[in-house]
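1. Structure, please.
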Amino acid sequence: MTDPWSRRAFLSTAGGGALWLGVPQARAGTGPVAGTDTDTDTYETMRSVWRGLSLGGGFPVTSEPFRSRLTELGDQAEGWRATMAPAPRALWPDLGFATDPEKMMLSYFRLRTMAEALVRPGTGHTGEAALRTALLTGFDHLRTEAYHAGQVSYGNWYCWQIGAPQALLDLCVLLQADLSPAQLADSCAAVDHFVPDSAVASYSGTSTGANRVDLCRVLALRGVVGAEPAKIALARDALAPVFPYVSSGDGLYRDGSFVQHTWVPYTGTYGAVLLGGLGMLFALLRQTPWEVTDPGTRIVFDAVERAWAPFLFNGLIMDAVSGRAISRGVSALDARHVQQDDHGRGHAVLAAILLLAEGAGSAERARWRGLVKGWMSRAYYSPPMADRGMGLSALARLAEVEADTTVAALPEPVGHRLFASMDRATHRRPGWAASLSMASQRIAHYETGNGENLRGWHTGSGMLAWWGSTYGNGQYSDAFWPTVDPYRLPGITVSRRALADGAGGDWGASRPDAVWVGGSTDGEFASIGQHLRGLGSTLTARKSWFFLADTVVCLGAGITSTDGVPVESVIDNRNLGAAGTHALTVGGAVQPAALGWSASFPSPGWAHLAGFGGYVMSGSGSGSGSFKALREARTGRWSDINRGSVSTALTRRYLTLWYDHGTNPVAAGYAYQLLPGATAAQTAARAASTDWLRVLANSEAAQGVGVGALGFTGVNFWQTGRVGALEASGACSVTVRERSDGTAVLSVADPARALTALTVAWDRPVSSVLSLPPSVLSAETGARLRLNFADLRGAAGAGQEVVVRLG
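-> This is a model prediction of the structure:
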């Protein structure tokens, strides 16, 4: 259950160029029927398409960034040629694979890179005899020593069934003219041995979601290399279970969630593999007898904007949906020392969207190209065209859309999206964006495995990450994960009880016994809540976030623990970089900039961090009479959190704000506002406007706020009760938006998925109901609105929207 270190990097390298890149964009007719005399032409055409997908083309090899990248590719290939030393169970001295199949897989990756340098123009080694000889020597050595029919697999299954065979089959296509029929036949037999048809016989285990797409890619190319139509047909047909929406386990959900490993949100990594893999397979099989015509593919196309776009911002993809990949940083085996981060993962998704767009309708294709161009144009922190981790073919796709003057860059999508099926939310405003990570019985606190993400313990404890449109885009890219205090992630409430690396177990085993996690939204603003139960802790709490126009209102209540250690709620923890001296102003006074400085301040109060934004602390709830601040430098290593990473020491500066609830708190709480991008004057003004925000409730029974200027009321009912003008007969979330046109929208949700019936009343005169979802059995209007809902358990936490006319 893993994707090894260089999975994303290798996917990008092999990710291919779209069909405009020097590859036939259409075939005459639909191609010959398998079994006819023209089969050879069909397979050769498909191999040509795959070469185009793998290598790209049409880009200027003498212009930057391609010139430098091709030179680097040639130098890398020459270095590996020079150090190749075939020996028993090893092809390179640093990649002995007697007990570690990942090193066998990485050996194939190196050969594939060498093959690219051989066949690409501009590498300085194009067509070079010495490189060709080394390639063929290495190809035969691995065929004899590692990957052949009859070999018993050991260690990580992924290496044998996905990583190695994908690279091997790419080699068979790229080196086809240099390989004998016997070499090709042996390679096909090896793939058949490790990836038999039974690998896709059942949609279960390691053959689901992105892994299933990867397996189908192996089977399809195996069929193309061996000219076996049955293999290609099997690959096409085995994709079918990937397309439908799922209601549990791995795959795409109706609300846009994507889960892999049953319990882990994975839109940014496994989801990206699925998106890119499908794009390549759709392109390979298009206009052949095996074209994918399953109507379920519509779900994948819809998911581009439902599942992926909400997590893309200025070219990055938010870490909230990248699982243990956040810990990878720089691989110890990567001689180029290219860092894997949220921007690199995002760039790979952008390239995958462009490839998938080639099979979309014209309007959809044009919109996606505009979205990608917009993300690229705003990627000031890490421009995609300067990404050394991107494969040349993917880079060429991005370069083409960037240069296309007929494509207008589209702005960032604005709105709120709640992904109830994976306990995630995104909030996007014109000048900033945020993501929220939670955990429940359905979704793990975090994922560790294979020595990765060893200290991600509290990422699901309400981590609130955010970025500005023109600032802070390196916040989580610039060595954040190896240097941040893992007990002080922004937004979380946490026990300071020390945890062991990998605490809670591998592969999403750490799931809390909590069901009320989720909320309600009208698509612009939202009321989100989490019944928090700490990992390896007695900590319990009720946390709510109200996402509004220029602020996130954060409430905490019922914070209780008997761990015998302090409990904290982290207001924010900003990465200031290697030498940042951003000024902190508290209540109008600029605080010291010296490292190691710390202080406590009364709450209510306000603080402003230059270059980022402001914070208004309302001081509501026991244990929040003051808040603390700390400016410090922290040193860590990627190897601290991922055993396959480099051990180079990194130091970053942090400014942390938090509430200290003390040791063994009982029913503690907090209330504060996060104001991204606000100036100190704007923050002070908000703090002075004591009537702008009304905290309607902040207890273990309910949490709610009202903002009259926005026509907003949001309440998370943890149990039956009444808050302000709202009343609920059961635990639920209610968001109300009163509009200037005399109408109002009520969104009601059952985050716990436990209600067989629910009544929600609103003490507001309503003249008529304009629209109702099927879940509403009856609606009573007049001086008071009363909504009677049917069984909501099957709604999967989704909001039920009612529109009324006030009067």
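2. remind me which residues of this structure are low pLDDT?
-> Applying pLDDT under 70 to the chain flags the ranges 1-38, 620-624.
3. Not counting sequence-adjacent ones, nearest residue to Thr648?
-> Arg637 (6.4 Å; CB to CB, 6 or more residues apart in numbering). C-beta: built from backbone N, CA, C; applies to glycine.
4. what's the neighbour count on the one you found?
-> Neighbour count of Arg637, defined by other CB atoms under 10 Å: 17.
5. That one touches Leu650, doesn't it?
-> Yes - in terms of CB atoms under 8 Å, Arg637 counts as a neighbour of Leu650; the distance is 6.7 Å.
6. Residues that sit against both of these two, list them.
-> Common contacts of Arg637 and Leu650, defined by CB atoms under 8 Å, 6 or more residues apart in numbering, comprise Pro482.
7. so what's the residue nearest to Thr648 up against?
-> Per CB under 8 Å, 6+ apart, neighbours of Arg637: 482, 645-650.
8. run the last query once more with 7 Å
-> 482, 647-650 (CB atoms under 7 Å, 6 or more residues apart in numbering).
9. ok, the longest strand along the chain: who's next to it in the sheet?
-> Counting residues, the longest strand found in the chain (DSSP state E) is strand 650-663. Strand partners for strand 650-663, identified by DSSP bridges, are recorded as strand 566-577 (antiparallel), strand 626-636 (antiparallel).
10. buried set for it?
-> Within strand 650-663, the residues scored as buried using 16 or more other CB atoms under 10 Å are 650, 652-661.
11. which outside residues touch the helix or strand following that strand?
-> Following strand 650-663 in sequence order, the next helix or strand is strand 668-676 (DSSP states H and E). Applying CB under 7 Å, 6+ apart, the external contacts of strand 668-676 come out as 432, 466, 468, 550-557, 559, 569, 571-572, 613-624, 659, 661, 682-683, 686, 695, 698.
12. Only the C-alpha atoms, please, for strand 668-676, written as CSV.
-> The C-alpha coordinates for strand 668-676 follow below in CSV (Å, rounded to 0.1, in the frame of the first residue of the first chain):
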residue,chain,number,x,y,z
ALA,A,668,-11.9,25.3,28.3
GLY,A,669,-12.6,27.4,25.2
TYR,A,670,-11.5,30.1,22.8
ALA,A,671,-12.8,32.6,20.2
TYR,A,672,-10.8,34.4,17.6
GLN,A,673,-10.9,35.7,14.1
LEU,A,674,-8.2,35.1,11.4
LEU,A,675,-8.0,38.1,9.0
PRO,A,676,-5.8,37.1,6.0
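13. got the angle for it vs strand 566-577?
-> 20 degrees (axes from the mean of the first three to the mean of the last three CA atoms, to 10 degrees).
14. just the helices in the stretch 601-750 of the chain please.
-> 638-641, 680-688 (DSSP state H, counting those that start in this stretch).
15. Check those for me and report the most buried one.
-> Of all the helices of the stretch 601-750 of the chain, helix 638-641 carries the top mean neighbour count, a mean of 23, counting by mean count of other CB atoms under 10 Å.
16. and that helix, what does it pack onto?
-> Counting contacts by 3 or more CB pairs under 7 Å, 6 or more residues apart in numbering; DSSP states H and E, helix 638-641 is packed against helix 480-483.
17. Toward the C-terminus, what is the element adjacent to the helix it packs on?
-> Downstream of helix 480-483 (by DSSP H and E), the next one is strand 493-495.
18. Which one (most neighbours) among the contacts of Arg637?
-> Pro482 leads those on contacts (other CB under 10 Å) with 25 neighbours.
19. Please tell me how far that one sits from Ser461.
-> Distance from Pro482 to Ser461, counting by CB to CB, to the nearest Å: 19 Å.
20. so can I have a markdown table of the helices of the stretch 601-750 of the chain showing distance to Ile232?
-> Converted to a markdown table, the helices of the stretch 601-750 of the chain look like this (distance: least, CB to CB, whole Å):
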| stretch | distance to Ile232 |
| --- | --- |
| helix 638-641 | 41 |
| helix 680-688 | 60 |
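21. Looking at the contacts of Arg637, which one is closest to Leu274?
-> Checking those against Leu274 by CB to CB gives Pro482 as the nearest, at 28.0 Å.
22. Next up, the contacts around the closest one.
-> Taking CB under 7 Å, 6+ apart, one finds 329, 636-638, 640-641, 650 in contact with Pro482.
23. again, only this time at 10 Å
-> If you count contacts by CB atoms under 10 Å, 6 or more residues apart in numbering, Pro482 has them with 327, 329-330, 455, 634-642, 645-646, 648-650, 652.
24. Same check on Val570?
-> Residues in contact with Val570, defined by CB under 10 Å, 6+ apart, are 458, 461-464, 485, 487-494, 656-659.
25. Now do Val695: how many residues are near it, please.
-> 16.
26. That one is in contact with Gly706, isn't it?
-> Yes - checked against CB atoms under 10 Å, the pair Val695 and Gly706 is within contact range at 8.5 Å.
27. Next, show the common contact partners of these two.
-> Phe546.
28. which SS state does Val213 fall under?
-> Here Val213 is recorded as helix under DSSP: H, G, I helix; E, B strand; the rest coil.
29. Quick one: neighbours of His337, just the number.
-> If you count neighbours by other CB under 10 Å, His337 ends up with 12.
30. Next: Arg643.
-> The number of residues packed near Arg643 is 14, by other CB under 10 Å.
31. Kindly report the same for Leu792.
-> Neighbour tally, Leu792, other CB under 10 Å: 24.
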